[in-house]
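S.K.: generate coordinates for the sequence data below:
(one chain, ligands or ions: 1)
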Amino acid sequence: MRFFLILLVAVVNIASADHHGDHKALGAHVHGHMSFSVAVDGNTVGLELDGPSEGILGFEHAPKSAAERKIWEDFEKKWKEEVIALFALSKELGCVQEKDAQAKLEVEGKHADLEAQASLKCAQSPSGTKAQLLMLKSYKGLKELEVNVLTDKGATKTILKGNAKVEIQL
Ligand SMILES: [Zn+2]
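M.R.: Model (predicted):
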């Protein structure tokens, strides 16, 4: 699965020539913008979220206050245990989240990127079905989401804006 995500990111980076020459450690760091990658490999789905942490957490540093720690813990719990609440697949597919989810903050000076991975195991392959992406609806600070999808049918890249629930084709 890891290989598919790396391949997907490579394909997408080649496609976005506007980011060429930007070699900062955090990559293209635009507040309110994040990327969300979905890789479907048979019955397994790999998810990867990456971008400025401000859009989801409202801050860009390691959590300091009790309030910030709570925000971080709430996100971490949701991502690691209920990612299906953010990325909803058809119930008939019988998808269950695996125990391998990770979420971390990559701090660089006054800025930080949130990098998170999760995976799902399904009874039936989600390829060809539709998923509901609830990231923009759940996190008001997130204004724009670049969604990269890789399935056996090919790779697509879509930019989603606004805070509506959005359907994406897998
Ligand atoms: Zn920043």
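
S.K.: centroid-nearest residue for this structure?
M.R.: With distances taken as Cα atoms, centre = their mean, L49 lies nearest the centre of the chain, 2.5 Å away.

S.K.: contacts only, for that one.
M.R.: Counting by Cβ atoms under 8 Å, 6 or more residues apart in numbering, L49 touches M34, S35, F36, S37, W79, L114, E115, A116, Q117, M135. C-beta coordinates here come from the backbone N, C-alpha and C atoms, glycine included.

S.K.: and what of E92?
M.R.: Q124.

S.K.: residues from the chain in reach of the ion?
M.R.: Counting by Cβ under 5 Å from the ion, the residues of the chain lying close to the ion are P52, E60, H111.

S.K.: between these, which sits nearest the ion?
M.R.: Nearest to the ion among those is H111, at 3.3 Å by Cβ to the ion.

S.K.: find the nearest non-adjacent residue to the closest one, please.
M.R.: In space, and not counting its chain neighbours, H111 is closest to E60: 5.1 Å by Cβ to Cβ, 6 or more residues apart in numbering.

S.K.: for the protein, name the helix or strand with the lowest mean pLDDT.
M.R.: Among the helical and strand segments of the chain, the one scoring lowest on mean pLDDT, DSSP states H and E is helix 2-15, with a mean of 55.
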